[in-house]
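1. Predicted structure and sequence below. I'll ask about it afterward.
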Amino acid sequence: MLDAQGKPLPPSACPECGYECDAATVCDEKDPEQIARPKPGDLSVCLKCGTALQFTETMTFTAVNVDQLDADDDTKFQLRRIQQHIRMKRPIQ
């Protein structure tokens, strides 16, 4: 997967669980066919533990608190919904 500048995304580990990822998928309900590439400041969610993440200037992840994000209510709702689905599916450890 490439970033917004056309460079490959560097492998980045979730700061909470260590799950490593080097790809991203657009989650835009308004235009699901649109191809977008992540850029610094964009949001993501760890596919293993559900931690909310934000891309840094170096395109690695930093954990963020959904309640403290400077984002609209719909974005926060969607992040929480994705987190809930991931956490419901992960095995109990």
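-> Looks like it came in fine.
2. Tell me the gap between the helix or strand harbouring Thr62 and the middle of its chain.
-> Secondary-structure assignment from DSSP states H and E places Thr62 in strand 61-63. Chain-centre distance of strand 61-63: 9 Å, with C-alpha atoms, centre = their mean, to the nearest Å.
3. what's in contact with the helix or strand just after that strand?
-> Going down the chain from strand 61-63, the next helix or strand is helix 73-89, by DSSP H and E. With contacts defined as C-beta atoms under 8 Å, 6 or more residues apart in numbering, helix 73-89 is touched by 27, 29, 43, 45-52, 66-67, 69, 71. C-beta: built from backbone N, CA, C; applies to glycine.
4. let's go with 7 Å and repeat that
-> Helix 73-89 is contacted from outside by Leu43, Val45, Leu47, Gly50, Ala52, Val66, Leu69, using C-beta atoms under 7 Å, 6 or more residues apart in numbering.
5. partners of the helix or strand bottoming out on mean pLDDT in the chain in the sheet?
-> Ranked by mean pLDDT, DSSP states H and E, the weakest helix or strand in the chain is strand 20-21, scoring a mean of 88. Sheet partners assigned to strand 20-21 using DSSP bridges are listed as strand 12-13 (antiparallel).
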